[in-house]
Each structure stands twice: as C-alpha cells, then as structure tokens.
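In: quick one: sequence plus predicted model below, questions after.
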Amino acid sequence: MSAENEYEVCVVCHKELDIKKETPISEREFYIEGAGQVCIDCYIKLLSEKSSLNDY
C-alpha cells in the first residue's frame, strides 16, 4: 500500500487494507464494533462461524 501506518490492517489476519486510518467508521465496510477493522475474507469466515453456532 503506502506510507508507514497510514492504512488499517485486519485485526484477524493482519493483512494491510486499502482503508486509511482517518476514514470514519461510518464510511467503512467490514468494521466490527468492539473488535476493529477486518478484511472481507475474515468477515465472511466470522459470519459463517457465527451462523454455524446459531444452528445449535
């Protein structure tokens, strides 16, 4: 991406994202309140795990 620490990283897999840190939370996709920013892949995995838990 770019300059040191200018962009967010996924709180799950630590992949650097194309979301600048100064981007308001309300304008972000895949932000989990209380956890932080996640990438789309981790977001999908987390949702599918949550869905499986609801089956029980």
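Out: Sure, I can see it.

In: for the rest of this, base every contact and every neighbour count on C-alpha atoms.
Out: Will do.

In: in this structure, which spans are strands?
Out: 7-9, 16-20, 31-32, 36-37 (DSSP state E).

In: from I32, how far off is V9?
Out: 13 Å (C-alpha to C-alpha, to the nearest Å).

In: for I40, same thing?
Out: Applying C-alpha to C-alpha to I40 and I32 gives a distance of 12 Å.

In: ok, now K45?
Out: From K45 over to I32 (counting by C-alpha to C-alpha), the distance is 13 Å.

In: low-confidence ranges in this protein?
Out: Applying pLDDT under 70 to the chain flags residues 1-4, 51-56.

In: ranges for the helices of it?
Out: For the chain, the helices defined by DSSP state H occupy 40-54.

In: from the centroid of this protein, which residue is nearest?
Out: Nearest residue to the geometric centre of the chain (C-alpha atoms, centre = their mean): V38, 1.1 Å.

In: that one and V9 touch, don't they?
Out: Yes - between V38 and V9 there is a contact under C-alpha atoms under 8 Å: 7.3 Å.

In: and K21, what does it touch?
Out: Residues near K21 by C-alpha atoms under 8 Å, 6 or more residues apart in numbering: E6, Y7, E8.

In: just the buried residues of these.
Out: Using 16 or more other C-alpha atoms under 10 Å as the burial test, those include Y7, E8 as buried.

In: tabulate the contacts of K21 (a markdown table), appending distance to E16.
Out: Shown next, in a markdown table, are the contacts of K21 (distance: C-alpha to C-alpha, whole Å):
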| residue | distance to E16 |
| --- | --- |
| E6 | 10 |
| Y7 | 7 |
| E8 | 6 |
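
In: between the contacts of K21, which is closest to D18?
Out: Top of the list for closeness to D18, among these and by C-alpha to C-alpha, is Y7 at 6.3 Å.

In: next, count neighbours for S48.
Out: 12 (other C-alpha atoms under 10 Å).

In: thank you kindly, that will do.
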